[in-house]
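In: Turn this into a model:
(2 chains)
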Number of protein chains: 2
Amino acid sequence: MDKIIQHKVIEQFVMQVFLEMGCSNEHAKQATKTLLDADLRGIDSHGVARLSGYIRLWEVNRINSKPSIKIVHETPSTAVVDGDSGLGLVVAPYAMSVAVEKAKNVGTGWVSVCNSNHFGIAASHAMLALNEEMIGMVMTNASALVAPTFSKERMLGTNPICVAVPAGEEPPFIADLATTTAANGKLEILQRKGEDAPVGWIQDQDGNSVQNAHALKNGGALLPLGGDREHGSHKGYALGAIVDIFSGVLSGANFGPWVPPFPAYVPMPENQPGKGIGHFFGAMRIDAFRKSEDFKRDMDLWIRRFRNANPIRENQPVLIPGDPERVCHADREKNGIPLVESVWTDLQSIAQKFNIKL
Amino acid sequence: MDKIIQHKVIEQFVMQVFLEMGCSNEHAKQATKTLLDADLRGIDSHGVARLSGYIRLWEVNRINSKPSIKIVHETPSTAVVDGDSGLGLVVAPYAMSVAVEKAKNVGTGWVSVCNSNHFGIAASHAMLALNEEMIGMVMTNASALVAPTFSKERMLGTNPICVAVPAGEEPPFIADLATTTAANGKLEILQRKGEDAPVGWIQDQDGNSVQNAHALKNGGALLPLGGDREHGSHKGYALGAIVDIFSGVLSGANFGPWVPPFPAYVPMPENQPGKGIGHFFGAMRIDAFRKSEDFKRDMDLWIRRFRNANPIRENQPVLIPGDPERVCHADREKNGIPLVESVWTDLQSIAQKFNIKL
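Out: Prediction:
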């Protein structure tokens, strides 16, 4: 049975944990907001379920809770930010704020980040652009779990792309997608349930398509969006590669198989070419292209026309990217966040470790 | 049997055709180069096979061969370009040159285009950034052939994304992909051969997955990259939607089901909200992020590491996006371009129409 907890309760708890780790008040607030955004939006794999993972990285000195995050190179529309090994959860909002400031000045802002760590859900950061009447774009690389087309070897992370677009009367368009057939979080759910994965999600250590959800633990790999060559896996591979290049190569972070792993017990890859994990952020001011009201009117038209596309099944309308997460957010904000038992146990251990009430 | 023709012969012929259509010498050169790029790179569906289509659009006054292409709105890093109903083949290089100029000044340039037409292959335009030590990015919307997840109705074009990244000693990384499982050109090949399509490429008019390659002619649709919901079609749909918004909504072009069709005999959609087809172009100066030599050294490392990833089959190494097209280009530049009989017949009719030697 899932344990249902009010989000305010988790929020207070997480905030205290980050403060105990030595984060400043502002950083603790940002990190807490990012984690809670994931749980509220229903991306359970990226919320408080990861809190103990961040703590372990901090304990082995791979996360610096008092980072001095700074711009190391810039032009009017670009910057490279060095995250100083900080929590990605706080490096990302900083980098996005730099992109937004640049967009205010010259129309758009583009920030590539090195020396960071896992930043939670991309949507949480991309949505920061929405209040500024801007389009937000966010990417990140991640440790290698994905085999390119024709490869046995894991070379890329699940490397997500997120784009958030403001509308007028309609809620914003928010696409946030791993460049794999299925996100690793979905595979973890199947592993817990002891169920098989659909064909096209994973391959085994020899590169054979398999359904055993545990194949990744034995040297297997997730597959790029498309699944196999005939269904366009070379496109998913190319998209993941673009994310890796924009996030890792453009910033001087690590890339490909050299990206640091999230579990603290996994040794760091040898001969790393860069620093930490890389991210990429973009902000485009709407009125740098068109009158804001004209754009919003057309975005409303876009959203309504797609929502009213003729559906295959009467009871399943066409969705706009971001719809399911928004519905989940409204529900969980009101009714609480369901935590699976292992996550609840995890949080209780953390509470004990830091002597915080939960 | 394919007819093999030297690319210089086709080039001279195509150049004369565009001049006969009333294009300026410069425009005819640009349009010819873009079409030939497609044939040389092996994207046969987007090369001279489309020449008669462009002519028919010009004949019904949907293509203006003497366009006054201009910037209608701009900031230091952005512009909206109105293509004045010109050939996309010439509007696109102009828009890309605007993006490149802006990148020279402020680090990056982003140009959304309205009132244009089909622009050939995206890679041809994105590659213009490479000589400037910039990353090039190109998108375009297109007339609706693709059904979003859960939709019976065609709502999006095959909406490609292209990213070209310069390297050092290695050839550039060039990803150019339709956001569908398979490009429409691949389906046309199966139709000509009378072969079935793989599962996951298309659906029929009721939204059932089918293999009949002719299903599109009977109200069916291409499927977004991913194929079905379980394999991530909502991600392919979201990517196609992002392309549509950046190209169409941001520029004031048409979007979704309102994008003008390529065949001149297909009536224009009613109640169009914008002008013509939309494109989106980006240019990012490498040294706006990092020292150019450091970036290129790391891109070489990226490319070599991925090319040497452990392959599933000994005889099929892992490819870098752009590899197959580059190999094809070298071969066809030397040995000529193979044209299927219908395209050769088509070119002969054009030669007759304009009284040009072929």
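In: Quick check: the gap between the spatially most central residue of chain A and residue A:262.
Out: The centre of chain A sits closest to residue A:121, judged by CA atoms, centre = their mean, with a distance of 3.0 Å. Distance, residue A:121 to residue A:262, using CB to CB, to the nearest Å: 14 Å. Placement of C-beta: from N, CA and C, glycine included.
In: how close does the residue nearest to the centre of chain A get to residue A:282?
Out: From residue A:121 across to residue A:282, the span is 17 Å (CB to CB).
In: low-scoring pLDDT stretches of chain A, where are they?
Out: Counting by pLDDT under 70, the ranges of chain A that qualify are A:1.
In: Helices along that one, start to end?
Out: Here chain A has its helices, by DSSP state H, at A:7-20, A:25-41, A:51-59, A:88-106, A:122-126, A:184-193, A:233-244, A:292-307, A:323-335, A:341-354.
In: which stretch among these comes nearest residue B:241?
Out: helix A:292-307 (7.5 Å; CB to CB).
In: report the angle between the axes of the closest one and helix A:323-335?
Out: Interaxial angle, helix A:292-307 versus helix A:323-335 (axes from the mean of the first three to the mean of the last three CA atoms, to 10 degrees): 100 degrees.
In: Tell me if helix A:292-307 is near chain B.
Out: Yes. Legend: contact between helix A:292-307 and chain B by CB under 8 Å from any CB of the partner chain is shown at A:294-295, A:298-299, A:301-302, A:305-306.
In: Let me see the contact set for residue A:263.
Out: With contact taken as CB atoms under 8 Å, 6 or more residues apart in numbering or on different chains, residue A:263 is in contact with A:53, A:56.
In: what does the one 10 residues further on give?
Out: Counting by CB under 8 Å, 6+ apart, residue A:273 touches A:254-255, A:258, B:298, B:301.
In: Could you check how far it is from residue A:267?
Out: Separation of residue A:273 from residue A:267 (CB to CB) stands at 17 Å.
In: What's the end-to-end length of stretch A:173-188?
Out: In stretch A:173-188, first residue to last residue: 27 Å (CA to CA, to the nearest Å).
In: Find the residue closest to whatever residue of the stretch 251-358 of chain A ends up closest to chain B in space, skipping its chain neighbours.
Out: Residue nearest to chain B within the stretch 251-358 of chain A: residue A:312 (3.3 Å; CB to the nearest CB). With CB to CB, 6 or more residues apart in numbering or on different chains as the measure, residue B:207 is the residue that lies nearest to residue A:312, at 3.3 Å, once sequence neighbours are left out.
In: The one you found reaches residue B:152, doesn't it?
Out: Yes. Using CB atoms under 8 Å, residue B:207 is in contact with residue B:152, at 4.4 Å.
In: more crowded one of these two?
Out: For residue B:207 versus residue B:152, the count of surrounding residues by other CB atoms under 10 Å in any protein chain shown is larger for residue B:152: 22 against 18.
In: buried stuff in stretch A:347-358?
Out: By 16 or more other CB atoms under 10 Å in any protein chain shown, the buried positions in stretch A:347-358 come out as A:347, A:350, A:356, A:358.
In: export the residues of helix A:292-307 next to chain B to a markdown table and tack on distance to residue B:102 and neighbour count?
Out: As requested, those are exported to a markdown table (distance: CB to CB, whole Å; neighbours: other CB atoms under 10 Å in any protein chain shown):
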| residue | distance to residue B:102 | neighbour count |
| --- | --- | --- |
| A:294 | 22 | 16 |
| A:295 | 20 | 24 |
| A:298 | 24 | 23 |
| A:299 | 24 | 23 |
| A:301 | 29 | 19 |
| A:302 | 26 | 25 |
| A:305 | 32 | 17 |
| A:306 | 31 | 25 |
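In: biggest separation within those residues, which pair?
Out: A:294 and A:306 (18.9 Å).
In: need the residues of the stretch 51-200 of chain A near chain B, please.
Out: Residues of the stretch 51-200 of chain A lying close to chain B by CB under 8 Å from any CB are A:73, A:75-78, A:80, A:105-108, A:110, A:112, A:135, A:147-153, A:155, A:161, A:163, A:165, A:173, A:175, A:177-182, A:198, A:200.
In: Can you name the residues that contact residue A:102?
Out: A:76-79, A:108-111, A:283.
In: I meant to write residue A:253 there.
Out: Per CB under 8 Å, 6+ apart, neighbours of residue A:253: A:113-116, A:141, A:247, A:259, A:274-278.
In: Could you rerun that using 10 Å?
Out: By CB atoms under 10 Å, 6 or more residues apart in numbering or on different chains, the contact set of residue A:253 is A:80, A:82-83, A:112-116, A:140-141, A:244, A:247, A:259-260, A:272-280, B:298.
In: ditto for residue A:329
Out: Applying CB under 10 Å, 6+ apart, we find residue A:329 in contact with A:7, A:37, A:39-42, A:322.
In: same thing but at 6 Å, please
Out: A:40-41 (CB atoms under 6 Å, 6 or more residues apart in numbering or on different chains).
In: do the same with residue A:147
Out: A:154, A:221.
In: Repeat the analysis, applying 7 Å as the threshold.
Out: Going by CB atoms under 7 Å, 6 or more residues apart in numbering or on different chains, residue A:147 touches A:153-155, A:203, A:221, A:223.
In: Excluding sequence neighbours, find me the nearest residue to residue A:21.
Out: residue A:65 (4.6 Å).
In: same check, this time on residue A:235
Out: Closest to residue A:235 by CB to CB, 6+ apart is residue B:177, at 4.3 Å.
In: can you tell me how far that neighbour sits from residue B:123?
Out: 10 Å.
In: Need the overlap of contacts for residue B:207 and residue B:152.
Out: Residues touching both residue B:207 and residue B:152 (CB under 7 Å, 6+ apart): residue A:312.
In: Buried only: go through the contacts of residue A:253 for me.
Out: A:80, A:82-83, A:112-116, A:140-141, A:244, A:247, A:259-260, A:273-280, B:298.
In: Now go through these and say which are in strands.
Out: Of the buried ones among the contacts of residue A:253, the ones assigned to strands by DSSP state E are A:80, A:82, A:112-116, A:140, A:277-280.
In: quick revisit: the residue nearest to the centre of chain A and chain B, how far apart?
Out: The spacing between residue A:121 and chain B, counted by CB to the nearest CB, to the nearest Å, is 15 Å.
In: what's the answer for residue A:58, then?
Out: When residue A:58 is compared with chain B (using CB to the nearest CB), they lie 28 Å apart.
In: Could you do residue A:52 as well?
Out: The gap separating residue A:52 from chain B is 29 Å, by CB to the nearest CB.
In: what's the answer for residue A:22, then?
Out: With distances taken as CB to the nearest CB, residue A:22 is found 31 Å from chain B.
In: Next up, the contacts around that residue.
Out: Here residue A:22 is in contact with A:65-66 (CB under 7 Å, 6+ apart).
In: Up against chain B, what does the stretch 251-358 of chain A have?
Out: The stretch 251-358 of chain A has residues A:251-252, A:255-257, A:273, A:284, A:288-290, A:295, A:298-299, A:301-302, A:305-306, A:309-312, A:316-319, A:321 near chain B, with proximity defined as CB under 7 Å from any CB of the partner chain.
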